[in-house]
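> no FASTA, just this:
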């Protein structure tokens, strides 16, 4: 059972430096844990005007690079172009811009357009597998793991993707889409969470819980922590 953040949680937070490059904050946790929400909150309320966010999801490999007879496991590390993300983070840490990819989730294609990310004081990288990749983990100046109970994550995922309409217009009925989503969750998402993601709580610098009915307790706690112990 996960407990509060480890006593050594702030050891990695560096003292002020004159480096021109970006500091990297990595946020991880299971699907539906609130990673994107937390990243946006930190960017707005702690590092306003000095922060940008990179989604690991934008680095999914183009579907044309997969075997057409093989169902891609989007919750496994090999489904992502981690070498490219590492290259981009290294560029940003060195004070150089990066042309980050844009991934279309409906067509499963990487677009020809890219997004130019300029070096900022802080770059937040969020995704379910960010800390599962050693080459990415070693570039993080601070890492955050969000713990949420399995049932809560599943219900949030359903509310986000179906009640909210994110996946209700992809050519199938809501009932069929929901049935497919539940099958995928139990065949891929849940076992991969136990295999790849849950163990990351042991390597993260901060472990925060998001099991409350609203996200405000988590957001307030992380804002207080990062405001007091800001990366310089």
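On my side now, so go ahead. Every value quoted in this text rests on a predicted model; they were computed, and no experiment measured them.
> could you find the closest non-adjacent residue to residue 149?
Excluding the flanking residues, the one nearest residue 149 by CB to CB, 6 or more residues apart in numbering is residue 211, at 5.6 Å. For the C-beta atoms, the positions are set from N, CA and C on the backbone; glycine is no exception.
> paired strands for the longest strand seen in the chain, with orientation please.
Using DSSP state E to define each element, the chain has its longest strand at strand 109-117. Here strand 109-117 is paired, per DSSP bridges, with strand 98-104 (antiparallel).
> how far is the partner strand from where the chain is centred?
Taking CA atoms, centre = their mean, to the nearest Å, one finds the center of strand 98-104 at 15 Å from the center of the full chain.
> tell me which residues are up against that strand.
The contact list for strand 98-104 (CB atoms under 8 Å, 6 or more residues apart in numbering) reads 54, 57-60, 81, 84, 87-89, 91-92, 109-111, 113-117.
> restricted to buried residues, select those in ChimeraX.
One line in ChimeraX is enough to select the buried ones among the contacts of strand 98-104; burial here means 16 or more other CB atoms under 10 Å:
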select :54,57,58,59,60,81,88,89,91,92,110,117
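> before we move on, the earlier item: roughly how far is the longest strand of the chain from the heart of the chain?
Here strand 109-117 is found 18 Å from its chain centre; the criterion is CA atoms, centre = their mean.
> what's next to that strand, contact-wise?
Against strand 109-117 from outside (CB under 8 Å, 6+ apart): 52, 54, 58, 60-64, 88, 92, 97-104, 123.
> among those residues, which ones are buried?
Applying 16+ other CB under 10 Å to those, the neighbour count classes 52, 54, 58, 60, 61, 88, 92, 98, 100, 101, 103, 123 as buried.
> least confident pick among those?
Ranked by pLDDT, the buried ones among the contacts of strand 109-117 bottom out at residue 61, which has 90.
> could you check how far that one is from residue 85?
Distance of residue 61 to residue 85, computed by CB to CB, to the nearest Å: 12 Å.
> what's the answer for residue 151, then?
31 Å.
> one more: residue 211?
Distance of residue 211 to residue 85, computed by CB to CB: 29 Å.
> more crowded one of the two?
When residue 211 and residue 85 are compared on other CB atoms under 10 Å, the one with more neighbours turns out to be residue 85, at 24 against 14.
> name the element that one belongs to?
helix 82-93 (DSSP states H and E).
> how far away from the center of its chain is that helix?
Relative to its chain's centre, helix 82-93 lies at 15 Å (CA atoms, centre = their mean).
> now what about that helix, what contacts it?
For helix 82-93, using CB under 8 Å, 6+ apart, the contacting residues are 21-24, 54, 56, 59, 97-101, 117, 119-120, 123, 125, 133, 135-136, 139.
> go on, stretch 40-53?
By CB under 8 Å, 6+ apart, stretch 40-53 touches 25, 39, 117-118, 120-126, 219, 222-223, 226-227, 230.
> could you check the pLDDT of the spatially most central residue of the chain?
Centrality entry for the chain: nearest residue to the mean C-alpha point is residue 127, 1.7 Å, by CA atoms, centre = their mean. At residue 127, the model reports a pLDDT of 96.
> I'd like the numbering to begin with 603 instead of 1 from here.
All right, first residue 603 from here; so that's residue 729.
> what about it, distance to residue 802?
11 Å.
> and the pLDDT for the residue of the chain positioned farthest from its centre?
What lies farthest from the middle of the chain is residue 775; by CA atoms, centre = their mean that is 29.0 Å. Here, the pLDDT recorded for residue 775 equals 70.
> repeat that for the one 5 residues further on.
At residue 780 the predicted local distance difference test score is 77.
> and what of residue 668?
67.
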